[in-house]
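In: How does the following fold in three dimensions:
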Amino acid sequence: MTRLEVTGASPASARPASSRRGFRAYLAPGESGALSVIIGLAVIGAIFQSLNSHFLSPVNLTDLLVQGAVFMLLGMGEVFALLLGDIDLSIGFVSGLGGVVAAELIAGPRNWPWWAAVAAALAVTTAIGALQGTLISRLRLPSFVVTLAGLLACEGMLLWILGSGGTLPIPSNVVDDLANGYLTPAAGWLLMVAFVVLFAALTIRRDADRRRGGAAGPPASLTVAKIGVAAVAGVAVVTVCSINRGVLSPVRGVPWVILIVLGVLVTWSFLLNRTRFGRDVHAIGSNAEAARRAGVSIARIRTVAFALAGLTAGVAGIIYASELRSVSSSIDGATLVLYAVAAAVIGGTSLFGGRGKPLDGVLGGIVIAAIYNGIYLLGMSAAAQDLIFALVLMAAVSADALARRGRARR
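Out: Alright, predicted model coming up:
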């Protein structure tokens, strides 16, 4: 068996071989991807808007995107573990530890420059992820057990640094502005146009290469539809964020945190979709033994994947601290990890490995943020929030199981 045969198990090449299928066939169960999540978001928006007219206001939608940034980032980090057929239960407290390390180094008496403190925090969370990946791959320990131990260890370190009930403000305007600052409206429009043009060029080239190579590439109509959705989404985000949402003074523009999430999304999408590392990750998740026989270094790939999950968690933790302008020992890392797994699965990543992409974490994170925001606006209880999240997660897992059966039959 060759490497090409194994890595062909990635989502793009695991589809039926005919490249002549139409738009409807390409959107068969298990292939619709983002479309089903977008439809779900539209339904959620319509329901909450009917119950509270403030839900779709520019102020609330902008706040929703900012609040959902942490869920999106954690979801993208969890995708790396789920693609391998593993799970990372430590990602919530790893993110919290990243925010704490950055805040501790910026504050006195250390007074590190903000960029050095952020780099050190990301190095710490990446190292934690790499250590967990090494234990899982080299000692062949279950990822559930290793990352559960990582969860407890990171929670203990967080309490050790801050103390029980401790809170530490972040004395850096730059770090605070990561989640609370914003671009000018003109800069937002220019960046949006540049992104849509770049996305269109890459999408057209990628889909055309698939069709020319005989792979199961999407029909041209779907390529146009994806570009159209990206353009509409970009225009909608910039339009909403450009409306004045200030009270005492004008506040307009796209928040910086949206660009940070977009940058992570583009980087990880390229890594998983266009590189040998990404093909190996999909191959291991689809069939680890076949990947090993084809010459894939499972231990190395798994270690790097968990390191990248830790790095993404560190970014999420710094954004979380920036949003609150402080760090606290009361961070609920256990709940954050549940939201991370839920975001990835709701977005379309399989719990069984081999299928998923960073965009799943972003879309799932938006769904979670929308539900969380809507429940808050309606003043519903925590019990209702848990029940709603449980129903949404069960629906996503059921859809994943049905999709796997459908692909097996085809």
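In: tell me the strands in this protein, going along the chain?
Out: Using DSSP state E, the strands of the chain run over 167-169, 326-328.
In: Quick one, which of these gets closest to residue 204.
Out: Among the strands of the chain, the nearest to residue 204 by C-beta to C-beta is strand 326-328 (43.9 Å). From N, CA and C alone the C-beta is placed, and that goes for glycine too.
In: sorry, back to before: could the strands of the chain go into JSON lines alongside distance to residue 74 and mean neighbour count?
Out: JSON lines is the format used below for the strands of the chain (distance: least, C-beta to C-beta, whole Å; neighbours: other C-beta atoms under 10 Å):
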{"stretch": "strand 167-169", "distance to residue 74": "21", "mean neighbour count": "15"}
{"stretch": "strand 326-328", "distance to residue 74": "16", "mean neighbour count": "21"}
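In: Output those strands as a markdown table; include the columns mean pLDDT.
Out: Shown next, in a markdown table, are those (pLDDT from 0 to 100):
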| stretch | mean pLDDT |
| --- | --- |
| strand 167-169 | 87 |
| strand 326-328 | 89 |
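In: Out of these, which is closest to residue 75?
Out: strand 326-328 (21.4 Å).
In: Walk me through which strands that closest one pairs with, and which way each runs.
Out: Here strand 326-328 is paired, per DSSP bridges, with strand 167-169 (antiparallel).
In: centre of the chain versus the strand it pairs with, how much separation?
Out: Relative to its chain's centre, strand 167-169 lies at 27 Å (C-alpha atoms, centre = their mean, to the nearest Å).
In: before we move on, what about stretch 142-159?
Out: 21 Å.
In: which residues touch that stretch?
Out: The set of residues external to stretch 142-159 that reach it, using C-beta atoms under 8 Å, 6 or more residues apart in numbering, is 81, 86-94, 96-97, 100, 128, 132, 135-136, 329, 331, 333-334, 337.
In: From those, list the buried ones, please.
Out: Buried residues within these, defined by neighbour count using 16 or more other C-beta atoms under 10 Å: 81, 86-94, 96-97, 100, 128, 132, 135-136, 329, 331, 333, 337.
In: Helices - which of the residues you listed land there?
Out: Taking DSSP state H, the ones among those that sit in helices are 81, 91-94, 96-97, 100, 128, 132, 135-136, 333, 337.
In: Format the residues you listed as a markdown table; extra columns: distance to residue 172.
Out: Compiled in a markdown table, those are given as follows (distance: C-beta to C-beta, whole Å):
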| residue | distance to residue 172 |
| --- | --- |
| 81 | 31 |
| 91 | 24 |
| 92 | 24 |
| 93 | 23 |
| 94 | 21 |
| 96 | 18 |
| 97 | 18 |
| 100 | 14 |
| 128 | 23 |
| 132 | 29 |
| 135 | 34 |
| 136 | 35 |
| 333 | 23 |
| 337 | 27 |
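In: now the residues you listed as CSV including pLDDT?
Out: As requested, those are arranged in CSV below (pLDDT from 0 to 100):
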residue, pLDDT
81, 95
91, 95
92, 94
93, 95
94, 96
96, 94
97, 94
100, 94
128, 97
132, 96
135, 95
136, 94
333, 85
337, 91
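In: Farthest pair within these?
Out: By the measure C-beta to C-beta, 100 and 136 form the most distant pair in those, at 24.6 Å.
In: Count the neighbours of the residue nearest to residue 133 when sequence neighbours are not counted for me.
Out: Closest residue to residue 133 apart from its sequence neighbours, by C-beta to C-beta, 6 or more residues apart in numbering: residue 306 at 3.0 Å. If you count neighbours by other C-beta atoms under 10 Å, residue 306 ends up with 33.
In: where does residue 306 land on pLDDT?
Out: Note on residue 306: pLDDT of 97.
In: Would you mind measuring from the spatially most central residue of the chain to residue 265?
Out: Geometric centre of the chain, nearest residue: residue 76, 2.6 Å, by C-alpha atoms, centre = their mean. According to C-beta to C-beta, to the nearest Å, residue 76 and residue 265 sit 7 Å apart.
In: Need the overlap of contacts for these two.
Out: Residues touching both residue 76 and residue 265 (C-beta under 8 Å, 6+ apart) are 358, 362.
In: between the strands of the chain, which one is nearest to residue 198?
Out: Residue 198 lies closest to strand 326-328 among these, at 35.1 Å (C-beta to C-beta).
In: okay but residue 397 is in contact with residue 351, surely?
Out: Yes - using C-beta atoms under 8 Å, residue 397 is in contact with residue 351, at 6.6 Å.
In: The residue nearest to the centre of the chain is in contact with residue 362, isn't it?
Out: Yes - the criterion here is C-beta under 8 Å, and residue 76 meets it with residue 362 at 6.7 Å.
In: isn't residue 389 right next to residue 367, touching?
Out: No - applying C-beta under 8 Å, one finds residue 389 not in contact with residue 367, separated by 9.8 Å.
In: Looking at the two, which is more packed in?
Out: The neighbour count for residue 389 versus residue 367, taken as other C-beta under 10 Å, is higher for residue 367 (25 against 19).
In: how about low-confidence regions in the chain?
Out: 1-34, 164-165, 213-218, 399-401, 403-410 (pLDDT under 70).
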